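> Next comes the sequence, and after it the predicted model I'd like to discuss.
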Amino acid sequence: MTVKVLFVCLGNICRSPTAEGIFAHRLQEAGLQQQVEIDSAGTSDWHIGKAPDARSIAAANARGYAIDHLRGRQAIAEDFARFDYILAMDTDNLALLQRLQPPGWKGRLGLFLEFAGDQAPVSVPDPYYGGEEGFQLVLDLLEEASDGLLADIRKHHLS
């Protein structure tokens, strides 16, 4: 069985591609890249086909995560038929995804930081209009949530 995870933010150029890159790295380290399929998307259509923000690429690269090959796409209703987990970076994008969610969908729609520690904020702050420290905070939060998500997938799907 393949577990499928979609990470979603607003534009799919900062937070969600960074989450995808970090989680891909975690899967490779764990030898689970064949059992878990991942993708990222944005709720807006502003950056379809575009690479992640250069600052996100640089921050991710500095920690050993490659995201420069990723390209933006928009989240669509059909994603609910494809993915087991659809994880939003913040409450605004979660609300938009909830409107797309079909009745009776059996997957998990929620906030990605639900998988981080108890001290984590509810939402991953959008670093787009800030400085370097915002991108570092995003990486810190997404690394913690990635570890928690990997543990959840192992417990519920791969044991």
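Cool, the structure landed. Numbering: from 1, shown residues only.
> When you work out contacts or count neighbours from here on, use the C-alpha atoms and nothing else.
OK.
> what's the burial count for I38?
I38 is flanked by 18 other residues according to other CA atoms under 10 Å.
> same question, Y129
Using other CA under 10 Å as the criterion, the residues surrounding Y129 number 6.
> how about D53, what does it touch?
Applying CA atoms under 8 Å, 6 or more residues apart in numbering to D53 gives the contacts I13, C14.
> How much space separates it from Q101?
Applying CA to CA, to the nearest Å, one obtains 28 Å for the distance of D53 from Q101.
> Check L158 too.
Summarising the geometry, the distance separating L158 from Q101, computed by CA to CA, is 25 Å.
> now G11, nearest residue through space, not along the chain?
G42 (4.6 Å; CA to CA, 6 or more residues apart in numbering).
> Check whether the one you found really touches R15, as I assumed.
No: checked against CA atoms under 8 Å, the pair G42 and R15 is beyond contact range at 9.5 Å.
> Of these two, which one has the most company?
The residue with more neighbours, out of G42 and R15, is R15; 32 against 27, by other CA under 10 Å.
> ok, R26 - contacts?
By CA under 8 Å, 6+ apart, the neighbours of R26 are S146, D147, L150.
> In CSV: these, plus neighbour count and distance to A88.
As requested, the contacts of R26 are exported to CSV (neighbours: other CA atoms under 10 Å; distance: CA to CA, whole Å):
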residue, neighbour count, distance to A88
S146, 23, 13
D147, 17, 16
L150, 17, 16
